[in-house]
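S.K.: Here's a sequence, model it:
(chains A, B, C and D)
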2 protein chains.
Amino acid sequence: MTSSPDLLFRALADPTRRALFERLCLEGEQTVGALTAEAGISQPAVSKHLGVLKQAGLVHDRHEGRQTHYSAQQRALAPLVDWTGRMNRFWEARFDDLEDLLKRMDQ
Amino acid sequence: MTSSPDLLFRALADPTRRALFERLCLEGEQTVGALTAEAGISQPAVSKHLGVLKQAGLVHDRHEGRQTHYSAQQRALAPLVDWTGRMNRFWEARFDDLEDLLKRMDQ
DNA sequence: CACATTCATAACTCGATGGTTATGAGAAAT
DNA sequence: ATTTCTCATAACCATCGAGTTATGAATGTG
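M.R.: Sure, this is the predicted structure:
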């Protein structure tokens, strides 16, 4: 039972994969060939990385003729944002508590 | 030159490590012994994970007598939040462009 | 001092993972 | 029909990483 943040963190842990995702985010849809041209690794390696990203829901593929276009699915980052939010909420909560404490001590 | 988000993603990619960090975030400072008691793995394994988290700046350790207390450094998540923000900003930008386009088409 | 406790490090094992080359499937071009 | 192009998959290899046990260093305790 691999939870949702787990797949995301694992997929984005690899720098090559993150670079691919960033390119798709910043430059929009790209073919495998275009991605391979700048990735510095072989085409099969790129395809495998794209497969991992796809399984994590981070990218979407569209087949057109004999080439495949990949695009970023930024919505998939939501669980990641939620997670960091949950981890920070408690920091803020404690901060608020501290503020309250200081206020009460001040009176 | 491992960049900042890289260390963070890699550190948080492991579920055991993420669980440790979550515990420190939610329950506050803990000794290695306390963490080991619930981690389901050996003490050396926990120590190693804490070492990785520490190197990523996600936790801070405080030595007191013969035990070490670890606590979460939630501020370290900032680069991660920034990164997701950068990846999403473009999504919003495109969304805005689309909205603009639709408005212009409407007139 | 001798012993116990707490943690970190060393040495090792083993499965996961990222890379490669080879090849096949499908679509386009000649 | 044959060839070419684009991508995915298979098979393999090397490295990495997470776990283990064993042990040492440092601190407290009898």
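S.K.: Just give me the neighbour total for residue A:62.
M.R.: Applying other Cβ atoms under 10 Å in any protein chain shown, we find 11 residues neighbouring residue A:62. Yep, even glycine has a C-beta here, placed from its N, CA and C like the rest.
S.K.: Return the distance of the nearest residue to it once chain neighbours are set aside relative to DNA strand C.
M.R.: Leaving out its chain neighbours, the residue that sits closest to residue A:62 by Cβ to Cβ, 6 or more residues apart in numbering or on different chains is residue A:69, at 4.6 Å. Taking Cβ to the nearest atom of the strand, to the nearest Å as the criterion, residue A:69 is separated from DNA strand C by 13 Å.
S.K.: in what helix or strand does residue A:69 lie?
M.R.: Secondary-structure assignment from DSSP states H and E places residue A:69 in strand A:67-72.
S.K.: picking up where we left off before, identify the bridge partners of the residue nearest to residue A:62.
M.R.: According to DSSP bridges, residue A:31, residue A:62 are recorded as the beta-bridge partners of residue A:69.
S.K.: quick one: it and residue A:39, what's the gap?
M.R.: 16 Å (Cβ to Cβ, to the nearest Å).
S.K.: who in chain A is up against DNA strand C?
M.R.: Residues of chain A lying near DNA strand C by Cβ under 7 Å from any atom of the strand: A:10, A:13-14, A:16-17, A:41-42, A:44-45, A:48-49, A:52, A:65-66.
S.K.: Buried ones among those residues?
M.R.: A:10, A:13-14, A:17, A:49, A:52 (16 or more other Cβ atoms under 10 Å in any protein chain shown).
S.K.: I'd like the residues you listed as a markdown table, with secondary structure, pLDDT and distance to residue B:26 appended.
M.R.: Rendered in a markdown table, the data for these read as follows (DSSP: H, G, I helix; E, B strand; the rest coil; pLDDT from 0 to 100; distance: Cβ to Cβ, whole Å):
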| residue | secondary structure | pLDDT | distance to residue B:26 |
| --- | --- | --- | --- |
| A:10 | helix | 98 | 22 |
| A:13 | helix | 98 | 23 |
| A:14 | coil | 98 | 28 |
| A:17 | helix | 98 | 29 |
| A:49 | helix | 98 | 33 |
| A:52 | helix | 98 | 30 |
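S.K.: Among the residues you listed, find me the one that's closest to residue A:32.
M.R.: Within the set of those, residue A:49 lies nearest residue A:32; the separation is 10.3 Å, counting by Cβ to Cβ.
S.K.: Using the three-state scheme, assign the residue nearest the centre of chain A.
M.R.: To find the centre residue of chain A, average its C-alpha atoms and take the closest one (Cα atoms, centre = their mean): that gives residue A:77, at 5.1 Å. State at residue A:77, reduced to three classes by DSSP: H, G, I helix; E, B strand; the rest coil: helix.
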